[in-house]
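Enquirer: just the structure for this:
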Amino acid sequence: MILLILSAFYIQGFSQQKAGNNFKIVFYNVENLFDTIDDPRKEDNDFLPTSKVSWNSVRYHQKLLHTASVIKAIDSVTLPAVVGLAEIENATALQDLIMSAPLRSAEYQVVLEEGLDPRGIDVALVYRPGIMKYAGHRSFPSATSFKTRSVLYVKLVNIRKDTFHIVVNHWKSRSGGATQTEPKRIENAKIIRHLTDSLFAMNPQTHLVVMGDFNDEPTDTSVTDVLGAKAPEGKLSAKSLYNLMSPLHKNGEGTLYYKDWDLFDQIIVSGNLLLRKVNKGPVILRPYAYIFKPDWILYKNKNGVMAPNRTASRNAYFGGYSDHLPVYTIVKNGGAIIED
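Expert: This is a model prediction of the structure:
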């Protein structure tokens, strides 16, 4: 079933709330945000009251509160302007999330389409109407040879009438082995590359943001060679893609921990969002990207590493936040850039 939700308090155009000159774009794999209701069309048996983790209303509402608290803490003053999400079961769970106490004041509008993933987890996007206006969207398969999460492409327009093309992904996991599953992520990358090439062909100055859980590192073939996302260094080109996470990956940082740190959660942008401008369009401020990693969403694992404190596995409930850390970037609306 395909479903689009725009929250009930949607208004045409921008709200009357004052939008700051800088705003944050976030991506967060929230780890299995399932409701407690059995959906016969989905493999959701691991997250039901009868499952091994006893996924009941109390644990569901704690999950909502934990997830919302993380998103709010990324920008506790105004809340993030745009948030891409992964592992959302359905529109009900997403609506419950944005209406939870930490996020309610943002009056987030949401875009979600349910895809063909066997487990029923989807990508979604929420945005603040005081900063962004909805201008359209599409959802389409991220592969043709197998069933997996769909790609969500959303057009948003900021208060200065700059159009942002935002693509939210969740590529094929490494379950079964990184090498064995790599061809499927390469197929995911080819789908996204076709979209980005089309957008650049229509407008070389496209403001493009590709974000998601790629299940590959910034240096892997799917990201660098197939998608064509480079490190943001040297001479930049407006009509190229740059991976904002590359410098963090080079420094050994990551967003999830399994034996060692991996940096699968990434934000990739078109070069014109990085070029220094005066009194023109939007620009991403240096150091370009951040991993949100406060101690309260971490725990000390058996190796003594402070790693993401997850909610649950198939067999055990931990009561944490997510097995991934969120990532974000800061965008300055058009105007003079003062800092280097």
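
Enquirer: following the longest helix along the chain, which helix or strand comes up?
Expert: Longest helix in the chain, counting residues (DSSP state H): helix 178-202. Per DSSP states H and E, the first helix or strand lying C-terminal to helix 178-202 is strand 207-213.

Enquirer: residues of that next one that come out buried?
Expert: 207-213 (16 or more other Cβ atoms under 10 Å). Yep, even glycine has a C-beta here, placed from its N, CA and C like the rest.

Enquirer: what helices and strands are in contact with the longest helix of the chain?
Expert: Helix 178-202 makes packing contacts with strand 150-158, strand 163-170, strand 207-213 when contacts are defined by 3 or more Cβ pairs under 8 Å, 6 or more residues apart in numbering; DSSP states H and E.

Enquirer: including mean pLDDT and distance to Gly228, could those go into CSV?
Expert: Formatted as CSV, the helices and strands packed on helix 178-202 follow (pLDDT from 0 to 100; distance: least, Cβ to Cβ, whole Å):
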stretch, mean pLDDT, distance to Gly228
strand 150-158, 97, 16
strand 163-170, 97, 14
strand 207-213, 98, 11
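
Enquirer: about what we covered before: what comes into contact with the longest helix of the chain?
Expert: Helix 178-202 is contacted by residues 140-146, 148, 151, 153, 165, 167, 169, 171-175, 206, 208, 210, 214-216, 220-223, 226-228, 239, 241, 270 when judged by Cβ atoms under 8 Å, 6 or more residues apart in numbering.

Enquirer: pull out the buried residues from those residues.
Expert: 141-143, 148, 151, 153, 165, 167, 169, 171-172, 174, 206, 208, 210, 214-216, 220, 222-223, 226-228, 239, 241, 270.

Enquirer: if you count neighbours, what's buried in the longest helix of the chain?
Expert: In helix 178-202, counting by 16+ other Cβ under 10 Å, buried: 181-182, 184-193, 195-196, 199-200.

Enquirer: likewise stretch 290-302?
Expert: Buried positions in stretch 290-302, judged by neighbour count with 16+ other Cβ under 10 Å: 290-292, 297-298.

Enquirer: thinking again about what came up before, from the buried residues of strand 207-213, pick the one nearest Pro49.
Expert: Distance to Pro49, by Cβ to Cβ, is smallest for Asp213 among the buried residues of strand 207-213, at 27.6 Å.
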